[in-house]
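Colleague: Pasting the sequence and the predicted model now:
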Amino acid sequence: MRKQLYSYYPSGLSLAALPSPPLHPSPPAPTRPPTAQRLPTPHAPRPTPHVRRSRSFNRKTLPRLALMSSCFVDLCGVDTAAAYQHAFVYIRQLAIHLRNAIQKPTADAYRQVYNWNYVNCLRLWAQVLCAHARQHTAPLRQLLYPLVQVTTGVARLLPNIRFAPLRLQCLRVLNQCANELQVYIPVAPLVLEVFRFAELAHKPTGAAAEKLLDWAVLLKVSKTDSGRRDYQEGMMVQTMFALAEHLHAAAYSIGFPEMSISVVLALRAAAKKSKIGAFQKRCRSLLTQIDAQSQYVATRRAAVDFSPKDRKQVQDFLKQEREDGEGPLSRWFKSQLAEQAQQEATMRNVGESKGKRIEADDDDDDDVDEEEMEEEVSRKKKKKGKKAAEAEAAAVEAAEASRKGKRGAMDASMNDGDDMVEEMQLSDSDDSDDDELV
């Protein structure tokens with residue numbers, strides 16, 4: 001069976017040395033399959049049944065949804081032209097819901113985005129693109145950019161530690177698209193923002209491993225659970241894995257040493273401020289591997305005899321090493337994949353009735369609390385008020401500078417002292433008029 005989207009820990013696939021050509025080229029009109037191979041209109045690919053059944057998402061429903069998504073992906077491959085039309089409509093609708101939540105932040109608008117239906121739709125269309133948009137001339141390839149933009153917007157809609165699991169769901173979608181479609185997607189900023197959550201500056205409560213967390217089916221947690229040690233440690237472990245997966249995808253790029261500088265600086269700062277010992281240990285481990293991989297790439301880059309304009313040679317840089325996984329970061333990442341696979345197997349065995357864990361809410365009405373929504377609206381209003389005040393202050397300062405400039409030019413043109421006094425008097429009256437206008 002096709003590799004399913006819900007397998008969150010795929011084997012690391014390498015990224016091309018340079019970003020691919022534009023994500024939305026103008027390919028020739030796709031050729032539709034012969035009539036005998038087309039699906040009749042009533043059986044055209046529509047994700048509606050999948051969406052209806054994804055309202056409740058847990059370990060019990062996950063296999064059924066994975067099977068439905070795989071069947072839908074195969075159905076889209078029968079007629080990619082028809083699949084493009086449906087994908088365009090559904091991704092556009094996802095973007096509209098996100099736009100409404102950004103422009104009119106209300107509880108209902110947030111609920112339209114922060115629910116399992118929405119997240120599973122993102123996963124479904126990402127799986128369709130990964131399967132049928134590998135070629136740069138594929139019609140569905142043009143939808144990669146809007147899907148990435150929507151997924152990024154969803155991850156940043158509510159930058160709150162309670163919704164960190166939802167951000168991790170979005171990071172998995174982005175990493176899968178980057179790995180399988182061989183494009184560069186800036187995932188690192190989304191990951192590094194997690195390290196700056198205000199709650200991480202305080203010492204967490206509770207004992208370690210008090211609850212068993214199933215991050216594969218987790219969307220949000222309560223305010224009480226968000227301050228617990230087991231939740232924060234698990235969040236940092238999952239976040240570090242997402243960052244490692246992103247770096248591993250670009251580990252053999254000829255520009256990896258420069259690309260990793262900002263990540264290294266951010267990780268050092270986060271490890272210094274964090275109160276979580278396990279996170280600090282993982283940061284040191286990842287920093288060591290990034291430094292080793294940077295030296296590995298820089299040493300081999302110094303021996304090449306081509307320039308950046310030689311695109312083909314740049315793309316083939318360390319191609320064989322990438323396939324063999326010889327780099328230090330690749331060897332270390334294999335151990336991380338094994339650890340994640342073991343955790344996934346453990347949670348699969350635990351199932352629904354065993355273990356004590358923080359569970360995701362299946363009811364969409366509880367996904368966004370009224371109090372939290374009001375706090376978010378208030379924060380946005382304060383931000384807008386601050387910007388308005390800064391703009392007003394800048395306008396007043398510009399007007400004052402313009403007034404002083406006019407006065408200086410007028411003073412320089414005066415040669416007689418009496419005339420200067422008269423002009424200064426006139427200038428004072430002008431200033432008072434200007435003050436009234438201001």
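Modeller: Right, received. Where do you want to start?

Colleague: I figured residue 230 was touching residue 206, is that so?
Modeller: Yes. The pair residue 230 / residue 206 is scored as a contact, 6.5 Å apart, by C-beta atoms under 8 Å. Yep, even glycine has a C-beta here, placed from its N, CA and C like the rest.

Colleague: out of these two, which sits in the more crowded spot?
Modeller: residue 230 (19 against 15; other C-beta atoms under 10 Å).

Colleague: Which strands or helices does the helix or strand that one falls within pack on?
Modeller: Take DSSP states H and E as the rule and residue 230 turns out to sit in helix 229-249. Applying 3 or more C-beta pairs under 8 Å, 6 or more residues apart in numbering; DSSP states H and E, one finds that helix 229-249 contacts helix 164-181, helix 188-194, helix 277-301, helix 328-350.

Colleague: I'd like those written out as a markdown table, with mean neighbour count and mean pLDDT added.
Modeller: Listed next are the helices and strands packed on helix 229-249 as a markdown table, based on neighbours: other C-beta atoms under 10 Å; pLDDT from 0 to 100:
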| stretch | mean neighbour count | mean pLDDT |
| --- | --- | --- |
| helix 164-181 | 24 | 94 |
| helix 188-194 | 19 | 93 |
| helix 277-301 | 17 | 92 |
| helix 328-350 | 16 | 88 |
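
Colleague: now those helices as CSV including distance to residue 113?
Modeller: Output for the helices and strands packed on helix 229-249, formatted as CSV (distance: least, C-beta to C-beta, whole Å):
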stretch, distance to residue 113
helix 164-181, 9
helix 188-194, 16
helix 277-301, 28
helix 328-350, 26
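
Colleague: nearest to residue 60, of those?
Modeller: Among the helices and strands packed on helix 229-249, the nearest to residue 60 by C-beta to C-beta is helix 328-350 (11.3 Å).

Colleague: if we can go back for a sec, for the helices and strands packed on helix 229-249, which one sits closest to residue 219?
Modeller: helix 164-181 (5.3 Å).

Colleague: ok and that closest one relative to helix 229-249, angle-wise?
Modeller: 20 degrees (axes from the mean of the first three to the mean of the last three C-alpha atoms, to 10 degrees).

Colleague: Show me what helix 164-181 is packed up against.
Modeller: Counting contacts by 3+ C-beta pairs under 8 Å, 6+ apart, helix 164-181 packs against helix 116-132, helix 144-155, helix 188-194, helix 229-249.

Colleague: looking at those, which is closest to residue 316?
Modeller: Residue 316 lies closest to helix 229-249 among the helices and strands packed on helix 164-181, at 17.0 Å (C-beta to C-beta).

Colleague: Just want the angle from the helix holding residue 230 to helix 328-350.
Modeller: Put simply, helix 229-249 runs at 140 degrees to helix 328-350, going by the same axes, to 10 degrees.

Colleague: and helix 229-249, average pLDDT?
Modeller: Averaged over helix 229-249, pLDDT sits at 91.

Colleague: Which positions in the helix or strand just after it come out as buried?
Modeller: Past helix 229-249, further along toward the C-terminus, the next helix or strand under DSSP H and E is helix 256-259. Residues of helix 256-259 classed as buried: 256-257, 259 (neighbour count, 16 or more other C-beta atoms under 10 Å).

Colleague: Not counting helix 256-259 itself, show me its contacts.
Modeller: Here helix 256-259 makes contact (C-beta atoms under 8 Å, 6 or more residues apart in numbering) with 250, 253, 293-294, 297-298, 301.

Colleague: Next, format those residues as JSON lines and append distance to residue 157.
Modeller: As requested, those are exported to JSON lines (distance: C-beta to C-beta, whole Å):
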{"residue": "250", "distance to residue 157": "26"}
{"residue": "253", "distance to residue 157": "30"}
{"residue": "293", "distance to residue 157": "33"}
{"residue": "294", "distance to residue 157": "34"}
{"residue": "297", "distance to residue 157": "36"}
{"residue": "298", "distance to residue 157": "38"}
{"residue": "301", "distance to residue 157": "39"}
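
Colleague: ok, of these, which one's closest to residue 161?
Modeller: Using C-beta to C-beta, residue 250 is the member of those that lies nearest residue 161, at 27.6 Å.

Colleague: Verify the contact between that closest one and residue 185 for me.
Modeller: No. Under the criterion of C-beta under 8 Å, residue 250 makes no contact with residue 185, lying 10.0 Å away.

Colleague: Mind checking which of these two has more residues around it?
Modeller: More neighbours surround residue 185 than the other of residue 250 and residue 185, with 25 against 21 (other C-beta under 10 Å).

Colleague: What residue, apart from its backbone neighbours, is nearest the more buried one spatially?
Modeller: residue 178 (4.3 Å; C-beta to C-beta, 6 or more residues apart in numbering).

Colleague: how close does the one you found sit to residue 188?
Modeller: With distances taken as C-beta to C-beta, to the nearest Å, residue 178 is found 11 Å from residue 188.

Colleague: Over to residue 252?
Modeller: The gap separating residue 252 from residue 188 is 17 Å, by C-beta to C-beta.

Colleague: Now do the closest residue to residue 234 other than its chain neighbours against residue 322, distance only.
Modeller: Counting by C-beta to C-beta, 6+ apart, residue 213 is the residue found nearest to residue 234 once chain neighbours are left out, at 4.6 Å. Using C-beta to C-beta, we find residue 213 at a distance of 33 Å from residue 322.

Colleague: thinking again about what came up before, count of neighbours near the residue nearest to residue 234?
Modeller: Neighbourhood size, residue 213 [other C-beta under 10 Å]: 24.

Colleague: Phi first, then psi, for it.
Modeller: For residue 213, the backbone dihedrals (degrees, to the nearest 10) come out as phi -100, psi 130.
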